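Novice: I'd like to go over a predicted model; first the sequence, then the structure.
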Amino acid sequence: MTIKLENDWIWDSWYVHDGDRWHGYFLKAPKSLGDPQLRHFNATQGHAVSDDLVNWTHLGTSLTPAPSPAWDDFTTWTGSVTRGDDGQWHLFYTGTSRADEGLYQRIGHAVSDDLHNWTRVGDGLALDLAGPGAEAYEAEHAKGFWHDRAMRDPWVMRDPEGAGWLMYFTARVPGVAEANAGGAIGFATSPDLMTWTLQPPVFAGDYGQLEVPQVFQAQGQWYCLFCTADEHFSKARAAATPGGPVTGNHYLIGDSPRGPWRVADGFLDGVLPCRRYAARIVETDQGLRILGFADHTPGGFGGYVMDPEPVAIGRDGLLRVEPLTETAE
């Protein structure tokens, strides 16, 4: 399999190519915890490199929570890496604090010259659900209605329609009666990767949460990959999904990076129990490939990144995973 560690579980991952090789980043936590459910609040970020997305060299830990007290002194979760106009690398990541008991997520920013050693920009905080624009989001924890104040998994990319940068993130919208109809893809813009302006979500509805969004264009069509679980389908989306809710990776189809976006027909890459979660689709010389972590296996929680599998695009613009035969571990 792609990325596996003897002493650590691995889950969410993200990738960037530096022109010579692939860099993979991932959340990891020690197996000595015993229960994989404890991994979320014991996470650090790992880093590995590869020439082929299959054989990886692990370089160790690349980011950890900040010393207390800090807005990200509890967890540093999923993010993305991009290269700025000055050639410097920028990591945007999810952070939570011990003061908030990890229930309020915010988005952080760090920079690097070597893609491994990261330095926070100021105190690291890049964006919060506060100030102008926050009213479009579930900006406070809706206790008893949803399990957290969602603002995580930032995906940052150049604006293909003009100068500046775009950020997408997992969020929720207020005023929705059904909890599982309040999930959203949050949105923000920046002229320089340093100053961010919160914008209204580019999509909301159908699921309680759309995790780990990734926006990309292929064959002239815009896609927003995300992952979700069977228990987070809205009643309407569950009824509209052939075979019913599953857990895994699906996507939105858009007319531009700003939308409008719609849920693609069917479900891309899901099953019960979940096989692969928190996937990314990367473009290689051989075409599109999907990578994500093994969730349920015959031996329990997988906790490793699976080998990449090809993704095809049909004449109708829909994505299709072409599975490889893999030996379960």
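Specialist: Happy to help now that I have it. Numbering: from 1, shown residues only.
Novice: quick check: end-to-end length of stretch 63-83?
Specialist: This stretch, stretch 63-83, spans 18 Å end to end (Cα to Cα, to the nearest Å).
Novice: likewise stretch 193-213?
Specialist: Where stretch 193-213 begins and where it ends lie 18 Å apart, using Cα to Cα.
Novice: repeat that for stretch 47-58.
Specialist: One end of stretch 47-58 to the other measures 6 Å (Cα to Cα).
Novice: got a list of what the residue most central in space within the chain touches?
Specialist: Geometric centre of the chain, nearest residue: Val212, 2.2 Å, by Cα atoms, centre = their mean. Contacts for Val212 were tallied using Cβ atoms under 8 Å, 6 or more residues apart in numbering; they are 12, 78, 153, 170, 225-227, 278-280. Backbone N, C-alpha and C define where each C-beta goes, glycine included.
Novice: now list the buried members of those.
Specialist: Neighbour counting with 16 or more other Cβ atoms under 10 Å marks 12, 78, 153, 170, 225-227, 278-280 as buried within the contacts of Val212.
Novice: just to revisit the earlier point, do you know how far the residue nearest to the centre of the chain is from Tyr168?
Specialist: Separation of Val212 from Tyr168 (Cβ to Cβ, to the nearest Å) stands at 10 Å.
Novice: again with Thr197
Specialist: Separation of Thr197 from Tyr168 (Cβ to Cβ): 14 Å.
Novice: try Arg237
Specialist: 20 Å.
Novice: these two: who's more crowded?
Specialist: Between Arg237 and Tyr168, Tyr168 has the larger neighbour count (other Cβ atoms under 10 Å), namely 25 against 21.
Novice: hmm, the more buried one is touching Ala184, no?
Specialist: No. Counting by Cβ atoms under 8 Å, Ala184 is not a contact partner of Tyr168; they are 10.2 Å apart.
Novice: now Leu166. Nearest residue, chain neighbours left out?
Specialist: Spatial nearest neighbour of Leu166, chain neighbours left out: Asp159 (5.1 Å); criterion: Cβ to Cβ, 6 or more residues apart in numbering.
Novice: what sits against the one you found?
Specialist: Taking Cβ under 8 Å, 6+ apart, one finds 165-166, 189, 257 in contact with Asp159.
Novice: quick one, which of those are buried?
Specialist: 165-166, 189, 257.
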